[in-house]
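Enquirer: Next one to model:
(chains A, B, C, D, E and F, ligands or ions: 3)
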Amino acid sequence: MISGLIVTIVGMLVVFLFLTLLVVSTTVMSKIVLKFFPEPEKPAAPAVRRSSTDADIAIAIAAVKAHTKQ
Amino acid sequence: MISGLIVTIVGMLVVFLFLTLLVVSTTVMSKIVLKFFPEPEKPAAPAVRRSSTDADIAIAIAAVKAHTKQ
Amino acid sequence: MISGLIVTIVGMLVVFLFLTLLVVSTTVMSKIVLKFFPEPEKPAAPAVRRSSTDADIAIAIAAVKAHTKQ
Amino acid sequence: MTFGQTIANSLHELWLTTGLFGFLQAGGWGNLVMIAVGFLLLYLAIKKEFEPLLLVPIGMGAILCNIPFAGIAAHTALHGEFINGALQMHEMSGGFIGMFYDFGVTSGLFPLIIFMGVGAMTDFGPLISNPKTLLLGAAAQFGIFIALLGAVALGKWVPGITFDLYDAASIGIIGGADGPTAIYVASRLSKDLLGAIAVAAYSYMALVPIIQPPIMRALTTPEERQIKMEQLRPVTKTEKIIFPLTVLAACIILLPSATPLLGALMFGNIVKECGVTDRLSDTMQNALINIVTIMLGLAVGSKMQADKFLNLNTLGILALGLIAFCIGTSTGLILAKTMNKFSKGHPINPLIGAAGVSAVPMAARVVNKVGLEENPNNYLLMHAMGPNVAGVIGSAVAAGVLLALVPVLA
Amino acid sequence: MTFGQTIANSLHELWLTTGLFGFLQAGGWGNLVMIAVGFLLLYLAIKKEFEPLLLVPIGMGAILCNIPFAGIAAHTALHGEFINGALQMHEMSGGFIGMFYDFGVTSGLFPLIIFMGVGAMTDFGPLISNPKTLLLGAAAQFGIFIALLGAVALGKWVPGITFDLYDAASIGIIGGADGPTAIYVASRLSKDLLGAIAVAAYSYMALVPIIQPPIMRALTTPEERQIKMEQLRPVTKTEKIIFPLTVLAACIILLPSATPLLGALMFGNIVKECGVTDRLSDTMQNALINIVTIMLGLAVGSKMQADKFLNLNTLGILALGLIAFCIGTSTGLILAKTMNKFSKGHPINPLIGAAGVSAVPMAARVVNKVGLEENPNNYLLMHAMGPNVAGVIGSAVAAGVLLALVPVLA
Amino acid sequence: MTFGQTIANSLHELWLTTGLFGFLQAGGWGNLVMIAVGFLLLYLAIKKEFEPLLLVPIGMGAILCNIPFAGIAAHTALHGEFINGALQMHEMSGGFIGMFYDFGVTSGLFPLIIFMGVGAMTDFGPLISNPKTLLLGAAAQFGIFIALLGAVALGKWVPGITFDLYDAASIGIIGGADGPTAIYVASRLSKDLLGAIAVAAYSYMALVPIIQPPIMRALTTPEERQIKMEQLRPVTKTEKIIFPLTVLAACIILLPSATPLLGALMFGNIVKECGVTDRLSDTMQNALINIVTIMLGLAVGSKMQADKFLNLNTLGILALGLIAFCIGTSTGLILAKTMNKFSKGHPINPLIGAAGVSAVPMAARVVNKVGLEENPNNYLLMHAMGPNVAGVIGSAVAAGVLLALVPVLA
Ligand code: NA
Ligand code: NA
Ligand code: NA
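Expert: Numbering: from 1, shown residues only, chains lettered A, B, ... in the order given. Ligands and ions are numbered 1, 2, ... in the order given. The predicted model follows:
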């Protein structure tokens, strides 16, 4: 029973300490990133899965073309 | 040779018994289902794989839109 | 050190012999194939992955149809 | 023996291998009950759509492993000779689900691969945008430890329940509301209870839309539930790449015992966010996680064998898991209320605290739904995603503490 | 030794590792023959399109495993020490195809995973719509048992052929016209014959369009072949979900030995039909079954090693497999003719009986083609799909009986 | 002990499991350094896009395996009893990346599966069209053997470097510029160096655009770089199907030790080219190769453990690998120059010789780029693809020679 209580106390202590530390480090990280790398990144890739894109586009184009010919 | 014959006789017996039982139980099952659940199901999902649907639809729509603009 | 030299000499010898043999056999293979099977094959399959084709075409057709009705 | 007698004899031998005969033996009724439970799980998964991706395989695993004489969950045996410092294999045998269990579950491999896939599907954007919500993911872990205490108490005072500290920790982790974390911890600390724990974890995750709303309404006022939160600022790609590395670094420095879980999760997330390994991310989110989900589900279900499952311990686990869930929800809500009082400029709707239990993304959706009931224009989904994914990190951290501490204290 | 001598020596050592040298050793010609057979299988698979998904990997497996000194089919060895009740591994070795065989085939794992995928690709609708056709799937299993009797007879009276009852059962199952079932049964009862049995099973399945039509024409009249069948009633989603569970339940009660096969099949089918686990079904039908097909094909092909394959037994297996196939086709046809006579209101075209051997979906297509020859407006495809999938269930049931009965009687 | 003391005690126990404590122990700084190297690899992979598909998993593997007390790279242990000629398993344990390593890398399985996928993605058309370019793929293997000699010399004369002939061969193969080949050979001949060798191989492959151009410009004149080559004739489907079989046949006859590598490569290629097994080819190119890439990358990275990696040997490997790369590039260029002199009718641009090192398709792209700098209308990409894929065959052949010869001579 004692060991259960210890696990509980130590456990919640560590969980809170750790996540508090994460709050701090994430905040700091964001500040640094936004200061030194203010989004010079390439535009976000489209949400579409890349692997199937080519085939899909080919088919979509083919479908549209087929329709155009009608 | 004897044991071969036994396996054959017992085997075909069991196969026929089992599948006959399945005929009966499938018939009964269908009757019960059709009586108590006469297709109140949601409309049958399209045969299309769900996982790729979103991307595909996006592309198809894009293709149609592209065509519309022509 | 000696064994290193031996591996080197024998190794490069074998690599060159083997790839030279491949040059010869590939050339011969091509000659035979082009003489006896001058491309009576079916037209090259489209680059599209077969497994996803049906669903994709269904969607493309649906999209085009939807467009037609507008 | 005449030929007819031999035939009759063979039919009798066949009768001795039927399930009907098996169910009539000592303990056979238990198998029948568990098969019924398996069918019930299938029903709940398919008809009620309770976490079907997991409960369909688990239900089928429960059915298959309780078939008499079939040995589908039998342990693996590697046949061969041990010579020259090597096991020279010539055959492997066992039940096919038993093999999934031996190679994938006892090793911890399957839950970690699932976690990779979860990482590749998780967007930490809302959390980075509002890091304070990490604390809600911490508060919701109280459920874990209260359930742990309860399990220790049951083990001590209730006859027929045999929980030790290892078992208690594994039971508590149900309150983490994370299937893979629960399975990973149970496979490390308390293998015998794995089946019941996994079933409880996934069942309660599936029951989130039923369990949480009453608690949410009881602990918040209508005014609180109507609080509108500020829109989340957009997060840059660089932040999304560095965040998982930050979490991993903190975990390396302070809590190595949580790094298998958080390492796998953050590996998956990096692969997704970095933008140059899309084909790996795609496979992690689809083929790989699906294959492992199928095998893991069957393997977990196979731990629902009657002789191990039908006892008081299982009842205790189901009860404690529910308690853990409710307490985690409550403590999350209470901390969110408190935080709201102390952050006047940036109001916090206490409902999002309930999402801290994880159960991604169901708990966040429930928050959104309960919020909309009060104010049809207040969309809390994105705000709840922060504590929701924080809950995943929080329970992995709690798991790390348990894995590090329990073997020392027990 | 001078430097030149050392070089010459090394070249000689290298010569001793060449395939040319290997083929010139005792038994080496056999490897050469089997490599040629492998190339022949590739030719048939690619040029003639005989079951290419299986025969390309099998052919390549046959080639690779017969390469002298390469050891690509060598058994697995797990290197390490056995201490504290555990094999502490530090290395695994063996040929890469040998590992596929040891872990996937001797364990029965690969055929069962394939069966999951088959289940996820199977539509039991036509069978549910017309359950009587299940009997055609039973009748076509006569081929299995006749071939079994033939194998026992050959083993007893032909010198050089060594079949016992285990072997006979494994050979008979070729008549089931189901690759995974044949491999599963052979891996349980008669591992040494696995290669020949698998090759025979897949070859005859590929040869269905050549083997079946003459038999179909011989056993039916033109009038019978023109019989039009009533259109099949549509089947509801609920029926499709409950049917696999019904079959599984019957199998649990009566024939647990068939539950690994039928359980895997019906699990795949449930995952497909239930409509809430599409991503698992998608993976079962694609990535998972393809990965396992590659590995299973190579592993099965690797059992075509010259020293085990080039003997009278293999000839016997090929002959008996063909006989099993023909008899199964015939008994299916005959029962369909008989059923047609006794069910005036609902005519049955006897051709669909031939589809009862399974070989899905090839046999059903052949039925359709032969039917169209007689009457260009009579499409039998959907009607033949019923007995076709019934044949899969039928041979799994027959497999279950063999697995339960043969160890008792042998 | 008072309760407060017990809490303090537990916190102290927890402190003993932190990474911080671990880094402060003897040798702990090494882990910290290797974790930093892992982060550096991630940076190079993500920001500089150096072979990210491999370097992201490798970097993450390096980080995870150096976490103190986490044991993520711990070897596998199979728990159970050895009875009746079989290891009756009841549990498997170990670190999850350690399991990938034990089952996939020491066995040679992962590199061979990758090679299947590479085969399924490779188009041998340009090579069949211009078979002479196979010789360029041979010439570029000089780098392998020069590095081998260098390694032997270092091992003999530099104190602190311990290379024997096995190690030297494994190091040389870095010059083959083929990740899977390098890993396969190192896993056969010199497991302890596997981490450094794999990292060197992939790093230099990633650095091709930086390493090769200066050498290319130094060894060719502007006139040579402007040489236009004749357009490649189209290749028929039949040729593309028969070519891999031709290579395989030659390899069977002359060099069985290379057949695991070339067999896997050509199996993948046949599956792709034959046109009737598209679904297998699709899976090889996507799900299967991606899954194995993830696991292989993590496993290779896990060999960067500080105590094995931070030593003079690693420095030697990195230096020799670079030398091998440069020499391979040079000898490829030189042979191309020579061939150009002797084939007046059909001019050969010497730049394409540099693609003979393989590093597909990066090296061919670099050739194209350097060619375009000199003449903006001279597209060499397709011409360079011939030697490029020839380089894959060439280094597999060199690997075969090393695997056959080194054990005899060492
Ligand atoms: Na949680
Ligand atoms: Na069948
Ligand atoms: Na190369």
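Enquirer: Against residue D:224, how distant is residue D:352?
Expert: Per Cβ to Cβ, to the nearest Å, residue D:352 is found 11 Å from residue D:224. C-beta coordinates here come from the backbone N, C-alpha and C atoms, glycine included.
Enquirer: wait, what's in contact with residue D:57?
Expert: By Cβ atoms under 8 Å, 6 or more residues apart in numbering or on different chains, the contact set of residue D:57 is D:293-294, D:296-298, D:300-301, E:267, E:271, E:280.
Enquirer: wait, residue D:204
Expert: D:174, D:177, D:211, D:321-322, D:325, D:359.
Enquirer: got it, and residue D:270?
Expert: Here residue D:270 is in contact with D:119, D:241, D:244-245, F:42, F:46, F:56, F:60 (Cβ under 8 Å, 6+ apart).
Enquirer: Which ones, among the residues you listed, also lie beside ligand 1?
Expert: Of the residues in the contacts of residue D:270, proximity to ligand 1 by Cβ under 5 Å from the ion holds for none.
Enquirer: would you list the contacts of residue D:57 in CSV and tack on distance to residue D:315?
Expert: Shown next, in CSV, are those (distance: Cβ to Cβ, whole Å):
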residue, distance to residue D:315
D:293, 28
D:294, 29
D:296, 25
D:297, 23
D:298, 24
D:300, 19
D:301, 19
E:267, 28
E:271, 30
E:280, 31
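Enquirer: Those residues: which two are farthest apart?
Expert: D:300 and E:271 (15.9 Å; Cβ to Cβ).
Enquirer: Burial check on the residue of chain D found nearest ligand 3, number of neighbours?
Expert: Distances between chain D and ligand 3 by Cβ to the ion are smallest at residue D:279, namely 23.1 Å. When neighbours are defined as other Cβ atoms under 10 Å in any protein chain shown, residue D:279 has 19 of them.
Enquirer: next SSE after the one helix or strand it maps to?
Expert: Element membership of residue D:279, judged by DSSP states H and E, is helix D:278-283. Next helix or strand after helix D:278-283 toward the C-terminus (DSSP H and E): helix D:289-301.
Enquirer: so what's the closest residue to ligand 1 within the stretch 151-300 of chain D up against?
Expert: Closest to ligand 1 within the stretch 151-300 of chain D is residue D:176: 4.1 Å, counting by Cβ to the ion. Residues near residue D:176 by Cβ under 8 Å, 6+ apart: D:141, D:143-144, D:182, D:201, D:328, D:357-358, D:391, D:394-395, D:398-399.
Enquirer: Can you tell me the element residue 17 falls in?
Expert: Going with chain A. helix A:2-36.
Enquirer: Next one: that helix, is it in contact with chain F?
Expert: Yes - for helix A:2-36, a contact with chain F is found by Cβ under 8 Å from any Cβ of the partner chain, at A:2, A:6-7, A:9-10, A:14.
Enquirer: near chain D, which of those residues show up?
Expert: Applying Cβ under 8 Å from any Cβ to those, those adjacent to chain D are A:6-7, A:10, A:14.
Enquirer: count of residues packed around residue D:44?
Expert: 19.
Enquirer: Could you do residue D:203 as well?
Expert: 21.
Enquirer: picking that back up, buried residues, the helix holding residue A:17. List them.
Expert: Of the residues in helix A:2-36, A:3-12, A:14-16, A:18-19, A:22-23, A:25-26, A:29-30, A:33 count as buried by neighbour count, 16 or more other Cβ atoms under 10 Å in any protein chain shown.
Enquirer: What of stretch D:332-342?
Expert: Per 16+ other Cβ under 10 Å, stretch D:332-342 contains these buried residues: D:332-337, D:339-340.
Enquirer: pLDDT averaged over the strand or helix carrying residue D:30 - what is it?
Expert: Element membership for residue D:30, per DSSP H and E: helix D:28-47. What helix D:28-47 shows for mean pLDDT is 94.
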